[in-house]
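*Asks:* Model the following, please.
(chains A and B)
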Protein chains: 2
Amino acid sequence: MTPLVHAIDPSRALAVPSPGAGSADTLNILVGLFVLLLAAKVGEEIFRRLGQPGVVGELAGGFVVGPYALGLVVPGETALVLSEIGVVILLFSVGLEIKTDELLSVGRPAAVTAILGVIFPIAAGVGYAILTGEPPATAAFVGLALAATSIGITSRVLADLGVLDRRFSRIIIGAAVIDDILALILIGIVSGAATGDLGLATLGLVVGALGFVGLGFAIARRARGLSRDVFTWPLFADTPLVPVFLVMLGLAILAAFIGLAAIIGAFVAGLIIAETEAQDEIEHEIKPLAAIFTPFFFAVTGAQLDLGALTDPQLAIAAIVLALLGVATKVVAGVIGAWDSGRWSALTVGVGMSPRGEVGIVVVGLGLTLGLLSPALFSAVLVAVVLTTVVAPIMLNAVIPRAAAEADAAGSPGAGAPGSATAG
Amino acid sequence: MTPLVHAIDPSRALAVPSPGAGSADTLNILVGLFVLLLAAKVGEEIFRRLGQPGVVGELAGGFVVGPYALGLVVPGETALVLSEIGVVILLFSVGLEIKTDELLSVGRPAAVTAILGVIFPIAAGVGYAILTGEPPATAAFVGLALAATSIGITSRVLADLGVLDRRFSRIIIGAAVIDDILALILIGIVSGAATGDLGLATLGLVVGALGFVGLGFAIARRARGLSRDVFTWPLFADTPLVPVFLVMLGLAILAAFIGLAAIIGAFVAGLIIAETEAQDEIEHEIKPLAAIFTPFFFAVTGAQLDLGALTDPQLAIAAIVLALLGVATKVVAGVIGAWDSGRWSALTVGVGMSPRGEVGIVVVGLGLTLGLLSPALFSAVLVAVVLTTVVAPIMLNAVIPRAAAEADAAGSPGAGAPGSATAG
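*Replies:* So this is what the prediction gives:
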């Protein structure tokens, strides 16, 4: 969903380092990063001691030290980049746990979940906006903001609970990939229509996105049993880690250039490496990187939650209604799409598709930039988007154990043994 | 050496994320980081295939893509922070390989090397500046810039060659710690004198620095055999990694606040963890982090080398003379200080103390800010500082094997078996 601006900004130049200011800046930023990491971990500790999911604690920790509470840290450029690398590593780790064939085997329920999961929220968002008297273009953006799914949070919960190899997990992940492609197409069309620049460029985006994901899956299937030597022939590579890290980052960047979310590229990189002989070793080596980088994603996300906005009753009502609509529509879509997996599994799929995360944030930002969303509506949708992201892990922790028990009882073929957590 | 500015800069605020610009920025930065990492690794590969040290290849890779050559990447805030975290992890890894007692046992040669290694370069720098007609205050800054040692580069070469447990390595590391304290005191005095603000504040810095290092060593000696449980009692800590990472970053930040280099704090953290039961596991888990973060330090350092400045003959002569003086004075100091370790070991100590790195850069930047260095002299000293850093690994690769052979032949008690590389 990232705008395609490629040039390197020369205003960031530090041609001759200005060490006085430069070092003080670096120190300030290091302090901010330290506080964010510490807050995430203290939050996780408190929540886990209370029997709550650790990831909610990381979000809460980020919120508490962030600009809308204590204001100790205002996440800047470096925190956002570390957060992005964190979620890239997270989705790479998820891809690493999944065999492409197993993902393709849930293609049908995943596609139904994704398609309905885009149609229902758009209908609900547009309906809400029209009913509250907004013009159609604005309504379209509200709908769109509710349409996109970001599975960073869901992935982490699935990994923490060791259920990444369950059928419902694969449906969620497959649906999230399809959902991202659909959202890309729709954002292209809506912003094209809004700026009067619709046509070949949008078509190019669609072809590029489908080509990227299709090619990635094809390469993953061809990569089966690829020798470890493919990664360790360079003298600098004592282990496959650095070459694989470059592949992961490269595909994440490529996906972002095409207009997909960077995490889709990272996930595809994980799928590819999962098929190779390097999988075991990489699974081991990526863990320390995940342990340090991913908390920044959750802390930075938590820091974006403006609970203070909810003290304005009108804004609070709008945000809560939109968040409820956002969750309900995804849940219905998931329940319909994954119905044949069982009641609780279907519910898990729906809940797992609820977090909107950064994709929704990008859409509302675009709406504000294009002048289609008023600042008040922007705030309401933004809070709603972050709310869907923050409540998802709480709901997931309630439904996943039931879904797992249900699948075990049914002895369904897709239900494997509890897998190992990737991002614990 | 970092100025003591603690406040968080509100201009970095991204209170409500502006996703359009924000994401494009994030993408641009990710591309820049990808190019830096790739360039460092391609450079390492080429240099190692040619039989040259890999670290010089990483410096060269950074130089080639950096602003003074191809200009593909101009390292900005995030690259500088990753570079700083990289060298922090590197020095932490060095501390992790060293027992405090072994370090204290080389106290005398280390102290002599450090003290002479501050006096000689200052005399040479001041002498050069006075002879070329500069006023005394300017001469003092030129001398100071040549006085400080930064052992990031040397540590990496020592680790790559597996000689961190040799006596000469301990002398280098001990001398570098003492050198940093001396440099801190002198910078305090000179900038105090220049700004007329000399007195209690400078004394406070000195006491703080000595207290920090002394306390660190005392804690390290007390930490012997500390149980792994001390780090893994939090529920979030499946392994000691995250708590230890927080200790490392915390001590690095604390050292920087006191006015020492952040790497001194990281090194002390490594010394402490080295004595605990967590040492083995952390040595293993820090490797993937070192593999990803440390190349940024070398690539960013290489990107700061302005070889183009050497096309101005006057500047080139000044830079080369200052670089030669800088290396020669440190070599003489090391040879005198470590003479009883043997000829080649003493030479290795001298060469190992030569890189000035970021501490020298900070001093020249301060001189420019205070108006004591003209832009031309600033450039000459800056190039000289970076030159001492870049040529050190080439010289170290020539002398270390001879020093190791000499120590083996003498059967000297401090010469252990080749250790394992930390940052390979």
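
*Asks:* Residues contacting stretch A:115-124, please?
*Replies:* For stretch A:115-124, contacts defined as C-beta atoms under 8 Å, 6 or more residues apart in numbering or on different chains pick out A:140, A:143-144, A:146-147, A:149, A:175, A:178-179, A:182-183, A:186, A:325-326, A:328-330, A:332-334, A:336-337, A:353. (Each C-beta comes from the backbone N, C-alpha and C, glycine too.)

*Asks:* what pLDDT, on average, does that stretch get?
*Replies:* Mean pLDDT, computed over stretch A:115-124, is 94.

*Asks:* sorry, back to before: so among the contacts of stretch A:115-124, which ones count as buried?
*Replies:* The neighbour-count criterion (16 or more other C-beta atoms under 10 Å in any protein chain shown) marks A:140, A:143-144, A:146-147, A:149, A:175, A:178-179, A:182-183, A:186, A:325-326, A:329-330, A:332-334, A:336-337, A:353 among the contacts of stretch A:115-124 as buried.

*Asks:* Tell me the first helix or strand C-terminal of the helix or strand bottoming out on mean pLDDT in chain A.
*Replies:* Lowest on mean pLDDT, DSSP states H and E among the helices and strands of chain A sits helix A:357-369, with a mean of 72. Once the chain leaves helix A:357-369, the next helix or strand it forms, by DSSP states H and E, is helix A:375-410.

*Asks:* Which strands and helices lie in contact with that following helix?
*Replies:* helix A:54-65, helix A:136-147, helix A:152-160, helix A:167-195, helix A:279-303, helix A:313-337, helix A:343-352, helix A:357-369 (3 or more C-beta pairs under 8 Å, 6 or more residues apart in numbering or on different chains; DSSP states H and E).

*Asks:* distance between it and the chain's centre?
*Replies:* 13 Å (C-alpha atoms, centre = their mean, to the nearest Å).

*Asks:* Likewise for stretch A:60-78?
*Replies:* Using C-alpha atoms, centre = their mean, the offset of stretch A:60-78 from its chain centre is 20 Å.

*Asks:* Repeat that for stretch A:96-112.
*Replies:* 18 Å.

*Asks:* Between the two ends of that stretch, what distance do you get?
*Replies:* End-to-end distance for stretch A:96-112: 25 Å, by C-alpha to C-alpha, to the nearest Å.

*Asks:* mind listing what's buried in it?
*Replies:* Within stretch A:96-112, the residues that count as buried by 16+ other C-beta under 10 Å are A:96-100, A:103, A:105-106, A:109-112.

*Asks:* on contacts alone, who are the packing partners of the helix or strand hosting A:Leu103?
*Replies:* A:Leu103 belongs to helix A:100-104 when assigned by DSSP H and E. Helices and strands touching helix A:100-104, by 3+ C-beta pairs under 8 Å, 6+ apart, are helix A:167-195, helix A:200-222, helix A:262-274.

*Asks:* Who are the packing partners of the last one?
*Replies:* In this case it means helix A:262-274. helix A:77-96, helix A:100-104, helix A:167-195, helix A:200-222, helix A:241-258.

*Asks:* Pipe those helices into JSON lines and attach distance to B:Ala252 per row.
*Replies:* Listed next are those as JSON lines, based on distance: least, C-beta to C-beta, whole Å:
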{"stretch": "helix A:77-96", "distance to B:Ala252": "16"}
{"stretch": "helix A:100-104", "distance to B:Ala252": "42"}
{"stretch": "helix A:167-195", "distance to B:Ala252": "38"}
{"stretch": "helix A:200-222", "distance to B:Ala252": "39"}
{"stretch": "helix A:241-258", "distance to B:Ala252": "23"}
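
*Asks:* Most tightly packed of those?
*Replies:* Counting by mean count of other C-beta atoms under 10 Å in any protein chain shown, helix A:77-96 has the highest mean neighbour count of these, with a mean of 26.

*Asks:* Let me know the angle separating that one from helix A:279-303.
*Replies:* Angle, helix A:77-96 to helix A:279-303, by axes from the mean of the first three to the mean of the last three C-alpha atoms, to 10 degrees: 140 degrees.

*Asks:* pLDDT averaged over helix A:77-96 - what is it?
*Replies:* Mean pLDDT, computed over helix A:77-96, is 92.

*Asks:* Repeat that for stretch A:251-266.
*Replies:* 88.

*Asks:* Export that stretch to PDB, keeping only CA atoms.
*Replies:* Extracted in PDB, the C-alpha atoms of stretch A:251-266 (Å, rounded to 0.1, in the frame of the first residue of the first chain):
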ATOM      1  CA  LEU A 251      11.600  -9.200  -1.400                       C
ATOM      2  CA  ALA A 252      10.000  -7.000   1.300                       C
ATOM      3  CA  ILE A 253      11.200  -3.900  -0.500                       C
ATOM      4  CA  LEU A 254      10.200  -5.300  -3.900                       C
ATOM      5  CA  ALA A 255       6.700  -6.000  -2.700                       C
ATOM      6  CA  ALA A 256       6.500  -2.400  -1.300                       C
ATOM      7  CA  PHE A 257       7.700  -1.000  -4.600                       C
ATOM      8  CA  ILE A 258       5.000  -3.000  -6.400                       C
ATOM      9  CA  GLY A 259       2.400  -1.500  -4.000                       C
ATOM     10  CA  LEU A 260       1.900  -4.500  -1.800                       C
ATOM     11  CA  ALA A 261       2.600  -4.500   1.900                       C
ATOM     12  CA  ALA A 262       6.300  -5.200   2.600                       C
ATOM     13  CA  ILE A 263       5.200  -8.000   4.900                       C
ATOM     14  CA  ILE A 264       3.700  -9.900   1.900                       C
ATOM     15  CA  GLY A 265       7.200  -9.900   0.300                       C
ATOM     16  CA  ALA A 266       8.800 -11.100   3.600                       C
END
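
*Asks:* anything in stretch A:281-291 near chain B?
*Replies:* Yes. Using C-beta under 8 Å from any C-beta of the partner chain, stretch A:281-291 comes into contact with chain B via A:285-289, A:291.

*Asks:* Between the buried residues of stretch A:96-112, which sits nearest chain B?
*Replies:* A:Leu96 (14.0 Å; C-beta to the nearest C-beta).

*Asks:* How about that closest one, nearest residue that isn't a chain neighbour?
*Replies:* A:Gly270 (4.3 Å; C-beta to C-beta, 6 or more residues apart in numbering or on different chains).

*Asks:* Next, count neighbours for that neighbour.
*Replies:* 30 (other C-beta atoms under 10 Å in any protein chain shown).

*Asks:* Wait, it touches A:Leu90, no?
*Replies:* No. A:Gly270 lies out of contact with A:Leu90 (C-beta atoms under 8 Å); the separation is 9.7 Å.

*Asks:* Just the closest residue of the stretch 301-424 of chain A to chain B, please.
*Replies:* For the stretch 301-424 of chain A, C-beta to the nearest C-beta, closest residue to chain B: A:Gly365, 3.3 Å.

*Asks:* what's the distance between that residue and B:Gly117?
*Replies:* Distance, A:Gly365 to B:Gly117, using C-beta to C-beta, to the nearest Å: 54 Å.

*Asks:* Neighbour count: the two, which is higher?
*Replies:* B:Gly117 (30 against 25).

*Asks:* Without its sequence neighbours, what residue ends up closest to the more buried one?
*Replies:* Nearest to B:Gly117 is B:Ala333, by C-beta to C-beta, 6+ apart, at 3.7 Å.

*Asks:* Now do the contacts for that neighbour.
*Replies:* B:112-113, B:116-117, B:119-120, B:350, B:353.

*Asks:* export those residues to CSV and tack on secondary structure and distance to B:Gly127?
*Replies:* Output for the contacts of B:Ala333, formatted as CSV (DSSP: H, G, I helix; E, B strand; the rest coil; distance: C-beta to C-beta, whole Å):
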residue, secondary structure, distance to B:Gly127
B:Val112, helix, 22
B:Thr113, helix, 21
B:Leu116, helix, 16
B:Gly117, helix, 16
B:Ile119, helix, 12
B:Phe120, helix, 10
B:Gly350, helix, 19
B:Met353, coil, 20
